[in-house]
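Student: Sequence first, then the predicted structure, then my questions.
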Amino acid sequence: MTNRGGIITGWGGYLPAGVVTNHDLAKTMDTTDEWIRNRTGISERRWSDMGPAALGVEAAKIALDMAGCGPQDIDLLVFATCSPEYILPGSSAIVQHSLGLTCGAFDLGAACSGFTYSLVAAHGLLNMGMNRILVIGSEQLSRIIDKTDRNTAILFGDGAGAVVLEACEGEGELLGFDLGVDGSAVNILYTRHDEITHMDGKEVFRRAVRAMVSSANLALERAKLTMDDIDWVIPHQANRRISEAAVSRLNWPMERTSATVETNGNTSAASIPLALVAELDAGHIKAGDHVLMCGFGAGMTWASAVLRWGGVTREGGHGAAAYAAELPS
Ligand code: COA
């Protein structure tokens, strides 16, 4: 990596009202709470009237406040979503205006891998001279599914997660990453304009585990680390069984693996930032900890990143300026 990196100095998550439990779904389709929990680990998800822009704004406000940033302080907004309000313009334009930002903004579409793709892209732009980038993953997946289809409706939910990424001298938090796509698998998971989402669940499951494991291993290799160095794993929250299968192949315990899928369902580009926020706020990630994010999504895309946590906590802690000097050895 280069000598100008990034450190996350603010984070926020937003889950809208509108909890839909498995019991609620069992009233409208041929399914049961037990089946959904056994096959997916999901108990509930949120279905909201708020679009991805509105959800993202709420998450971003928390992250900006924590980072102590005003709208003028942000140099760029990267908005990861696969459920944008419009074909054009990007949802990022709505968010940019709502937050009063004066910077450029773009949407990034890499489905459930979108947040990790965005985080990596943002690091590159910090290295090219930007100082603070707002990265948001936000979805209103309830709008693009058939809410009566038991194959898909049980899985997907709405929500948003955001981080403020600030430039620092030195390596920064991102130690290694892997981004990939296999475009021959478009037909296993797709949504056409103004249509609902189609999915071959079994095939997605099979490929997802393989993709996550190989991508995680590549990111680790590039970070010059092994799983022995990792403290916390944040897999894309699609299905608890997918996370279990992937981390067991990495010889990693579920006890140190995020499992927000139980309450959030699969929120696509929002799933990793929402899980990151949950683990940070629970105090599970501490200064110097190595965090592995790994995910997959429609495309079929995959993305992994290895971060060394810089020590910022919600209560305060080290800012970007102090990061390089105070990095635990
Ligand atoms: N409730 C009750 N029964 C259901 C059901 C539901 N919601 N959905 C399917 N079934 C039935 C099927 O019809 C099938 O019945 P049959 O044996 O009589 O034919 C049986 O349950 C098994 O279905 P199957 O599709 O084999 O289940 P599965 O174990 O593969 O689980 C998924 C289905 C969708 C939960 C699972 O394949 C999955 O999570 N795949 C990955 C999806 C994903 O992550 N997508 C997002 C990627 S970012």
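Tutor: The structure has been received and is ready for your questions. Just so you know, these numbers come straight off a predicted model, no measurement behind them.
Student: quick check: domain ranges of the chain?
Tutor: Domains of the chain are assigned by automatic domain parsing as 4-169, 174-311.
Student: May I see those domains arranged in JSON lines, with mean neighbour count and mean pLDDT as well?
Tutor: No exception for glycine: its C-beta is placed from N, CA and C like everyone else's. JSON lines is the format used below for these (neighbours: other CB atoms under 10 Å; pLDDT from 0 to 100):
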{"stretch": "domain 4-169", "mean neighbour count": "21", "mean pLDDT": "98"}
{"stretch": "domain 174-311", "mean neighbour count": "20", "mean pLDDT": "97"}
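Student: my guess is Pro84 contacts Phe106, does it?
Tutor: No - using CB atoms under 8 Å, Pro84 is not in contact with Phe106, being 11.4 Å away.
Student: so what sits against both of those two?
Tutor: Gly90 (CB atoms under 8 Å, 6 or more residues apart in numbering).
Student: now the helices for the stretch 201-329 of the chain?
Tutor: For the stretch 201-329 of the chain, applying DSSP state H, counting those that start in this stretch gives helices covering 201-222, 240-249, 261-264, 271-281, 320-326.
Student: Other residues contacting the shortest one?
Tutor: This points to helix 261-264. 15, 40-46, 157, 159, 237-240, 243, 271, 274.
Student: which ones among those residues are found in strands?
Tutor: 44-46, 159 (DSSP state E).
Student: what's the closest non-adjacent residue to Ile36?
Tutor: Excluding the flanking residues, the one nearest Ile36 by CB to CB, 6 or more residues apart in numbering is Asn22, at 4.5 Å.
Student: Could you measure from Trp309 over to the ligand?
Tutor: Using CB to the nearest ligand atom, to the nearest Å, we find Trp309 at a distance of 26 Å from the ligand.
Student: no, scratch that, I was asking about Gly109
Tutor: Distance, Gly109 to the ligand, using CB to the nearest ligand atom: 13 Å.
Student: which residue packs closest to that residue, ignoring adjacent ones?
Tutor: Distance criterion CB to CB, 6+ apart; nearest residue to Gly109, sequence neighbours excluded, is Cys82 at 5.8 Å.
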